[in-house]
Structure formats: structure tokens, C-alpha cells
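S.K.: Here is a sequence together with a model predicted from it:
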Amino acid sequence: MSNNNNNFWTDSDIGILIIRITLGGLIFLHGIHKVKTGLEEQMGHLAAKGIPTFFMYLIYISEIVAPVLIILGIFTRLSAASIVGTLLVVLYVAPFPLMAMGPHGEWAIEIQMFYLFIPLALFFIGPGRFSVRPNKSGNWLLD
């Protein structure tokens, strides 16, 4: 047992690890779905907004590669930034009613907001102590 005052139940690094595993796992499932079903529907949304459809292939980085890196705690901030960027594009191109309420009183886009703000928080927090390569880069953006 160490002499520091960190208690297992109040260790913020454990909380960050839980957030990383949860976010990474859930986003990765979205990526796997796109691998299995293709990107045609999403490309249609991009084309309708005048965005070149080849940008859609970047989704594989933010929904396959980035979640794995987040779970491992490698390049967490850059990976989180790629997910934030993806969600900003999703909010721009997808036909979401921004101020609508759902049938159970929830904000109609609350899921999208979780997927936007959780990686944004990870961008600022970083990977925490429990990562494959904890704080070895010397550059906060690469942690």
C-alpha cells in the first residue's frame, strides 16, 4: 500500500479509464457497423450538403482507429479530437431537429451530444495514469 492519499474510490484516473473504455467501445461498434453495411447512406448526406463524399472514408479513422487508441490510452487527445470533428460534421449534415424533444421528454439529439462532449472532455483531460504509454511523449497533444 502506498503512502499517497489516493483512495481507490476517489481515484480520478480510474474514472478516466472507465470513460475511455466506454466511449471507445461504443464508438467502435458504430465503426464496425459501417464496415459491415457500407457508407452509401452517409455519403448521400454529405453530397446533399455539397461536401465531397471521399471525406466519408475518414469515418474509419474516427470510428475504428481512434476508439482503439482511446481505449489503450495512446494518442487519446488526437483521437478524441477526431471523434469531435466527426460529430460536428454529423450535426451539420444529418437531418436532426436541434431543439426538438423526444417522445419521453429527452432532447432529440442527446445521444449525439454525449458523443460530442465526452470526447471533448477527454481531449482536455488526457488519458490518465492507466494507459499503455502514460505521459511519455512530452507533448500534451500526443498523450
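M.R.: Cool, the structure landed.
S.K.: List the buried residues of the host helix or strand of Y115.
M.R.: Using DSSP states H and E, Y115 maps to helix 110-125. Across helix 110-125, burial judged by 16 or more other Cβ atoms under 10 Å covers 112, 115-116, 118-119, 122-123, 125. Heads up, the C-betas are built off the backbone N, CA and C, glycines and all.
S.K.: next one: stretch 12-32
M.R.: 16-17, 19-20, 23-24, 27-28, 30-31.
S.K.: Can I get that stretch in CSV? Just the C-alpha atoms.
M.R.: Extracted C-alpha coordinates of stretch 12-32, given in CSV (Å, rounded to 0.1, in the frame of the first residue of the first chain):
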residue,chain,number,x,y,z
SER,A,12,-9.9,10.1,-11.0
ASP,A,13,-7.6,8.0,-13.2
ILE,A,14,-9.9,5.0,-12.7
GLY,A,15,-12.8,7.3,-13.7
ILE,A,16,-10.9,8.4,-16.9
LEU,A,17,-10.2,4.7,-17.7
ILE,A,18,-13.9,3.9,-17.4
ILE,A,19,-14.8,6.8,-19.7
ARG,A,20,-12.1,5.8,-22.2
ILE,A,21,-13.3,2.2,-22.3
THR,A,22,-17.0,3.2,-22.6
LEU,A,23,-16.5,5.8,-25.2
GLY,A,24,-14.1,3.8,-27.2
GLY,A,25,-16.2,0.6,-27.1
LEU,A,26,-19.4,2.4,-28.1
ILE,A,27,-17.9,4.4,-31.0
PHE,A,28,-16.0,1.3,-32.2
LEU,A,29,-19.4,-0.5,-32.6
HIS,A,30,-20.6,2.3,-34.8
GLY,A,31,-17.4,1.8,-36.9
ILE,A,32,-17.9,-2.0,-37.2
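S.K.: Would you point out the helix or strand in this protein whose mean pLDDT is lowest?
M.R.: Here the helix or strand of the chain ranked lowest by mean pLDDT, DSSP states H and E is helix 40-48, holding a mean of 88.
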